[in-house]
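Student: Fold the following.
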Amino acid sequence: MLGFGLVVRFTIKAGRMAEFDALVERTLTGIRAHEPGTLIYASHAVDGSPDVRVFYELYRDRDAFETHEQQPHTREFLDQRSEFVESFEVTFLEAVDVKSTAWGAQ
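Tutor: Residues are numbered from 1 along each chain as shown. Reported below is the predicted structural model:
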């Protein structure tokens, strides 16, 4: 398996983007410190859609994702996101092929 990934698209409530981004920053601090199985956790702004954030997450495997879901910083994010998020959509991904220096594939 070439990792376990997902994409999440968040639409943020009007006037709450700064607070949402601060929550994401706190979450990423915990991820960096405690999750070696989380290979990529990226929050993206969307050109032309200032109320949207798109996350790309890549984990070593499904177990690393499950470990991520149980972390205190992740639980805090999940518990607080409804304060800032109007809606969200999750798409789970399974890699079929890859070019990545992280996997040693070219």
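Student: in the chain, which spans are strands?
Tutor: For the chain, the strands defined by DSSP state E cover 4-12, 38-46, 49-59, 85-94.
Student: Could you export these as JSON lines, including mean pLDDT, mean neighbour count and distance to H68?
Tutor: C-beta here means a position set from N, CA and C on the backbone, and glycine is covered the same way. Converted to JSON lines, the strands of the chain look like this (pLDDT from 0 to 100; neighbours: other Cβ atoms under 10 Å; distance: least, Cβ to Cβ, whole Å):
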{"stretch": "strand 4-12", "mean pLDDT": "97", "mean neighbour count": "17", "distance to H68": "10"}
{"stretch": "strand 38-46", "mean pLDDT": "96", "mean neighbour count": "15", "distance to H68": "6"}
{"stretch": "strand 49-59", "mean pLDDT": "97", "mean neighbour count": "17", "distance to H68": "6"}
{"stretch": "strand 85-94", "mean pLDDT": "96", "mean neighbour count": "12", "distance to H68": "13"}
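Student: Need those in a markdown table (columns: distance to F20).
Tutor: Formatted as a markdown table, these follow (distance: least, Cβ to Cβ, whole Å):
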| stretch | distance to F20 |
| --- | --- |
| strand 4-12 | 5 |
| strand 38-46 | 9 |
| strand 49-59 | 7 |
| strand 85-94 | 7 |
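Student: remind me, longest helix of this protein?
Tutor: Looking across the chain with DSSP state H, the single longest helix is helix 17-34.
Student: for that one, what is the average pLDDT?
Tutor: Per-residue pLDDT over helix 17-34 has a mean of 98.
Student: ok, now stretch 62-70?
Tutor: 97.
Student: And the contacts of the longest helix of the chain?
Tutor: Helix 17-34 is contacted from outside by 10, 12, 38, 41, 43, 50-51, 53, 68, 71-74, 76-77, 80-81, 83-85, using Cβ atoms under 8 Å, 6 or more residues apart in numbering.
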